[in-house]
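Engineer: Model the following, please.
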Amino acid sequence: MRALQVQHTGGPEVLAVADVPEPTPQHGRVLVRAAALGVNFIDTYHRSGAYPMPLPFIPGREGAGVITHVGDGVEGFSVGDRVAWGFSPASYAEVVSLTPEDLDKVPDGVSLETAAAAMLQGLTAHYLVTSVHPVAPGETVLVHAAAGGVGLLLTQMATARDARVLGTVSTDEKEALAREAGAEVIRYDAMEDLATELPAAVKALTDGEGVHAVYDGVGRTTFDGSLASLRPRGMMALFGAASGPVPPFDLQRLNAGGSLTITRPSLAHFVATAEERAWRGSELLGAIADGALKVRIGATFPLDEATEAHRALEGRRTSGKVLLVP
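Structural biologist: Okay, here's the model as predicted:
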């Protein structure tokens, strides 16, 4: 089969299509022919070596497709089932081997492309608003990159819980998308000093109080401004580092800011059991199926154009989800 393989870490150019052996049927696993594969920032961290992986490896964590083989010992799934997954390695391939615990059945009326676009970022948004800082009615939260894949879903989930969302964006197109999702927009593209101008804008919109929580997947460039945007006893969830890692900082800043809390969560720890992963996946796909949650696919690339897909993602030239199609 065809798959993307990384022989050595580096920039997007190290992604190469290779002919590799197709996975063989195994006890307790299913084989899925992929219809669409999600591209995520964690893939770029693996590709670059920021998150080391044994070489060579097939990157990718997310996709959707149709089951072609069900191994012995697997219950609840059949050949022909439409399924999606959001956190399984070696997914940039035409055929992926998965455990039943990896999978959600895709509801009728939800396309495989939409399911592939929703899983990792949707599960991320879900654990952030339900578990890391459970958003409560009447709260105000700040969502960075509000027109990105996670940002659009997170904004919709937070507003569905009757919260007010302030969302940062950098272009007119992204502003329109964030507003459509329910956010009040802060444009940080014209700000020269995010550390001071961002919290000033947030305080102006919150009568000087600040926000209850910040969901920050950007990292280095927004960190100081995010911390200063919190009200006393507020929480920052730093769940990514699109602009680079945050340097070490003095914990006394949390005291000075008003007994603040900061956490660096990861999806893996919030889908650690089959029951929790099934709960999150069921709520996510159910909301998409009934129209309560809208998924935006921003760009689609053939498998052999994965280099350009990674460049588009890292260059922030996309809004919504980036997909690869085998």
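
Engineer: ok, which stretches of the stretch 151-300 of the chain are helices?
Structural biologist: With DSSP state H, counting those that start in this stretch applied, the stretch 151-300 of the chain shows helices at 172-181, 194-205, 223-228, 252-256, 274-289, listed in chain order.

Engineer: what's Val295 in contact with, if anything?
Structural biologist: Applying CB atoms under 8 Å, 6 or more residues apart in numbering, we find Val295 in contact with 114, 117-118, 122, 153, 288, 320-321. Where C-beta positions appear, they are placed from N, C-alpha and C, glycine not excepted.

Engineer: Over to Thr140?
Structural biologist: Counted by CB under 8 Å, 6+ apart, Thr140 has contacts 163-166, 206, 211-212.

Engineer: Then Ala158?
Structural biologist: Contacts of Ala158 by CB under 8 Å, 6+ apart are 129, 135, 141, 143, 165, 182.

Engineer: Looking at those residues, which are in strands?
Structural biologist: Residues of the contacts of Ala158 located in strands (DSSP state E): 141, 143, 165.

Engineer: so the last one makes contact with His144?
Structural biologist: No: the criterion here is CB atoms under 8 Å, and Val165 misses it with His144 at 11.2 Å.

Engineer: out of the two, which sits in the more crowded spot?
Structural biologist: Set side by side, Val165 and His144 show unequal neighbour counts under other CB atoms under 10 Å, the larger going to His144 at 30 against 26.

Engineer: What's the end-to-end length of stretch 252-267?
Structural biologist: By CA to CA, to the nearest Å, the extent of stretch 252-267 from end to end equals 28 Å.

Engineer: Okay, strands next: where are they in the stretch 201-326 of the chain?
Structural biologist: Secondary structure of the stretch 201-326 of the chain (DSSP state E, counting those that start in this stretch): strands at 211-216, 230-238, 261-263, 297-302, 321-325.

Engineer: Of those, which is nearest Ser48?
Structural biologist: Closest approach to Ser48 among the strands of the stretch 201-326 of the chain (CB to CB): strand 321-325, 16.5 Å.

Engineer: Just want the most central residue of this protein.
Structural biologist: For the chain, Gln121 is the residue whose C-alpha lies nearest the centre (CA atoms, centre = their mean; 2.7 Å).

Engineer: Next up, the contacts around it.
Structural biologist: 38, 40, 149-150, 153, 321.

Engineer: A helix includes it, no?
Structural biologist: Yes: applying DSSP: H, G, I helix; E, B strand; the rest coil, one finds Gln121 inside a helix.

Engineer: ok, it to Val141 distance?
Structural biologist: Taking CB to CB, to the nearest Å as the measure, Gln121 falls 17 Å from Val141.

Engineer: Same question for Val110.
Structural biologist: Distance, Val110 to Val141, by CB to CB: 27 Å.

Engineer: between the two, who's got more neighbours?
Structural biologist: For Val110 and Val141, the more surrounded residue by other CB under 10 Å is Val141, and the numbers stand at 28 against 19.

Engineer: Spatially nearest residue to that one (excluding sequence neighbours)?
Structural biologist: Excluding the flanking residues, the one nearest Val141 by CB to CB, 6 or more residues apart in numbering is Ala213, at 4.6 Å.

Engineer: any idea how far that neighbour lies from Trp85?
Structural biologist: Counting by CB to CB - Ala213 and Trp85 are separated by 28 Å.

Engineer: Over to Trp279?
Structural biologist: From Trp279 across to Trp85, the span is 15 Å (CB to CB).

Engineer: Looking at the two now, which is surrounded by more residues?
Structural biologist: Taking neighbours as other CB under 10 Å, Trp279 and Trp85 compare with Trp85 leading, 27 against 14.

Engineer: how about that one, what does it touch?
Structural biologist: Per CB under 8 Å, 6+ apart, neighbours of Trp85: 32, 62-64, 91, 96, 98, 102-104, 119.

Engineer: follow-up on the earlier one: check the residue nearest to Val141 and give its pLDDT.
Structural biologist: Looking at Ala213, its pLDDT is 98.

Engineer: What distance do you get for it to Arg187?
Structural biologist: 21 Å.

Engineer: Just want to know which of those two has more residues nearby.
Structural biologist: Ala213 (27 against 14).

Engineer: didn't the more buried one look like it was pressed against Leu238?
Structural biologist: No: look at Ala213 against Leu238 with CB under 8 Å: they stay out of range, at 11.4 Å.

Engineer: Give me the neighbour count for the nearest residue to Thr263 once chain neighbours are set aside.
Structural biologist: Distances taken as CB to CB, 6+ apart place Ala237 nearest to Thr263, at 5.7 Å, with adjacent residues excluded. Ala237 has 22 neighbours, counted by other CB under 10 Å.
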